[in-house]
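Novice: Test case, fold it:
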Amino acid sequence: MKENLSIVLLLCATTLLASLIIIAAYKHSWPYKEARMTVSREAVSSDTAESLAQAPLPSPTPGPASPTPKPTEGAEHHAPTGAVEITAVPTLPEDLPTPTPVPKSDIPPMGVIVDLDYNSDVDDVAALRIATSLAKLGRIELRAVMASTAGEEVCKAMHAHLRYDGFGSVPIGASVGTVHSGSPYWKDMINAHFSEADYKLSDSLSLYKAVLADCSRREELIRANMAAKKQAEKDKEKAMEETPPETDGEGNSSGNHKRTMEEREKAEEAEREAKEAAAQSAKIRIITTGYLVNIAALLQDPEGYALVAKYVDSIWITGGVYLQGEDHNFCVTEEAALAANYVSLNCPVPLIYSSSASVEEGEDVIVCGGSIMNAAGAGLDPVVIAFSGYGKANNVNLKGGRIAWDPFCVWAACLPSEDTLTHLQPIHISVSAGGWNRFREDLPANCQYIVRDSKDLGWYVGQLDMIINLGLAR
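Specialist: Here you go, the predicted model:
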């Protein structure tokens, strides 16, 4: 009996020790999260917080109101040395539903530019897949893709991905900044899918300005289509007026007249709504999941600033530690920090941040990519190539997916809030010249951030994976 009791106690002690080791290893294997939040919510010096809170916000002014951000001598982006290993996707449905394409209408879908670092980590790859899949469904029109990481290899890898997804003709903008690194998956992706034939590359500043300037032409086309539709309706009404009205058998046509008036009122209301939608659809939405060097350069250019003010409806940014801290995208180099600071102070259109709180909840996070990583025959898919290469280089298993910082932002930016169970909360953000940020509710709001309406993180996982998996249907 004593012998059995000793065995039981030994097993319990062994299990407890193993659990403690696993917990410690899990926390130790989260360097990227620690890099994003090197300043905790509480452990911020009062001097730093006070100086940011009291710093006045200058009025947005076009052109280079401050010197162009310059990188520290020899500064470069150092990829994280480890990775989060997620081996189980929380409450992921066994059979993911298939999203329904949007019916075609006279109003074109919203134009979108995505600006990605597409570098070292793999959530950018999943973010680009979200954009191409939603474009296939007719929810957006992917107008251009920008790289915020310097070098042409990243652009070639992005083109390889776009080409695989059926968007090889989408133009790519090379970074105007110098934030640079390498990636364990670029080479494999280029070797698998790159083609020089439809590779369209220019610098991101020129491409931004070209795409935004083209909005004027698109707006004219939309108005012309609306005018043609209106004229067709007038011709139809005229034909109806020339036709004798039907009577009720006693010469009374008032019922038909009333119906005609109601139909006309409905048509006029529909026309007003269509005009508003047409005006909005001519604009572009910019979504950035990386460094803000391209957007800072665009706002510092007088022509670029004017184009943003006229033709950009909003800029959605992956970044910002909630409530305060140092986010990787804001502080990886001095150049990136100055760019994040400049954009926060000088943007003439609404800024929406997908902060750490948007995808993280304590120790729980929204992940994505787990489903496609376990799909049969998906080995040549760019998402799988990237996840596998990143996992191999960092000696981690990403079969369960990767934290969805960047995909979540693209997804929330491209779809109506009722489809994503999110809403936008007004708030005040301060971003120092060193990249340190602070969100505050006790100051006048100068931006918004994405808030989840559901506590069920598994629902968001399922939605993201459902869209990512559309890449398998080629």
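
Novice: Where does the record place the domain boundaries for the chain?
Specialist: According to the domain assignment given by automatic domain parsing, the chain is divided into the following structural domains: 83-218+279-472, 222-247+254-277.

Novice: Mean pLDDT added to these, as CSV?
Specialist: Putting the domains of the chain into CSV (pLDDT from 0 to 100) gives the following:
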stretch, mean pLDDT
domain 83-218+279-472, 93
domain 222-247+254-277, 70
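
Novice: so which of the ones you listed is the most packed in?
Specialist: For the domains of the chain, ranked by mean neighbour count under the definition mean count of other CB atoms under 10 Å, the leader is domain 83-218+279-472 at a mean of 21. Where you see a C-beta, it was placed from the backbone N, CA and C, and this is true even at glycine.

Novice: On the three-state scheme, Pro348 is what?
Specialist: Classification of Pro348 by DSSP: H, G, I helix; E, B strand; the rest coil places it in coil.

Novice: Now find how far off-centre stretch 107-115 is within its chain.
Specialist: With CA atoms, centre = their mean, to the nearest Å as the basis, stretch 107-115 stands 12 Å off its chain's centre.

Novice: swap in stretch 197-207?
Specialist: Averaging C-alpha positions (CA atoms, centre = their mean) puts stretch 197-207 21 Å from its chain's average.

Novice: Now do it: everything it contacts.
Specialist: Around stretch 197-207, the neighbours that count as contacts under CB atoms under 8 Å, 6 or more residues apart in numbering are 115, 144, 146-148, 152, 155-156, 159, 163, 168-176, 210, 294, 297-298, 301, 304.

Novice: The residues you listed in strands, which ones?
Specialist: In this view, the contacts of stretch 197-207 that belong to strands under DSSP state E are Asp115, Ala144, Met146, Ala147, Ile172, Gly173, Ala174.

Novice: Grab the nearest non-local neighbour of Phe408.
Specialist: Val359 (5.0 Å; CB to CB, 6 or more residues apart in numbering).

Novice: any idea how far that neighbour lies from Glu220?
Specialist: Using CB to CB, to the nearest Å, one gets 40 Å for the distance from Val359 to Glu220.

Novice: now swap in Gln280 and tell me
Specialist: To Glu220, Gln280 is 15 Å away according to CB to CB.

Novice: thinking again about what came up before, so the residue nearest to Phe408 is in contact with Ile366, correct?
Specialist: Yes: when contacts are counted by CB atoms under 8 Å, Val359 is listed as touching Ile366 (4.6 Å).

Novice: For Thr100, which three-state class applies?
Specialist: Classification of Thr100 using three-state DSSP returns coil.

Novice: wait, Trp316
Specialist: Reduced to three states by three-state DSSP, Trp316 is strand.

Novice: and the closest residue to Phe194 other than its chain neighbours, what is it in contact with?
Specialist: Using CB to CB, 6+ apart and skipping the chain neighbours, the partner closest in space to Phe194 is Ala160 (4.2 Å). Shown in contact with Ala160 (CB under 8 Å, 6+ apart): Met189, Ile190, Ala192, His193, Phe194, Ser195, Pro382.

Novice: Just want to check the distance between Ala192 and Ile172.
Specialist: The gap separating Ala192 from Ile172 is 17 Å, by CB to CB.

Novice: Revised request: answer the last question for Ala147.
Specialist: 7 Å.

Novice: Need the residues touching each of these two.
Specialist: Common neighbours of Ala147 and Ile172 (criterion: CB under 8 Å, 6+ apart): Cys155, Met158.

Novice: any chance you could map the strands in the stretch 51-200 of the chain?
Specialist: Listed in chain order, the strands found in the stretch 51-200 of the chain under DSSP state E, counting those that start in this stretch are 110-116, 140-147, 172-174.

Novice: Identify the residues contacting the closest residue in space to Gly138 that isn't next to it in sequence.
Specialist: The spatially closest residue to Gly138, leaving aside those adjacent along the chain, is Val102, at 4.2 Å (CB to CB, 6+ apart). Listed by CB under 8 Å, 6+ apart, the contact set of Val102 reads Pro109, Leu137, Gly138, Arg139.

Novice: just the CA coordinates of stretch 310-318, formatted as PDB?
Specialist: Listed in PDB are the C-alpha atoms of stretch 310-318, where the atom choice follows Å, rounded to 0.1, in the frame of the first residue of the first chain:
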ATOM      1  CA  LYS A 310      -8.700  64.400 -51.500                       C
ATOM      2  CA  TYR A 311      -8.700  60.700 -52.400                       C
ATOM      3  CA  VAL A 312      -7.900  58.600 -49.300                       C
ATOM      4  CA  ASP A 313     -10.800  57.900 -47.000                       C
ATOM      5  CA  SER A 314      -8.700  56.500 -44.100                       C
ATOM      6  CA  ILE A 315      -5.400  54.900 -43.200                       C
ATOM      7  CA  TRP A 316      -5.500  51.700 -41.200                       C
ATOM      8  CA  ILE A 317      -2.300  50.900 -39.200                       C
ATOM      9  CA  THR A 318      -1.100  47.700 -37.600                       C
END
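
Novice: Name the surrounding residues that touch that stretch.
Specialist: For stretch 310-318, the surrounding residues in contact (CB under 8 Å, 6+ apart) are 212, 215-216, 280, 282-290, 292, 295, 329, 343, 347, 349-354, 405-406, 409-410, 412-413.
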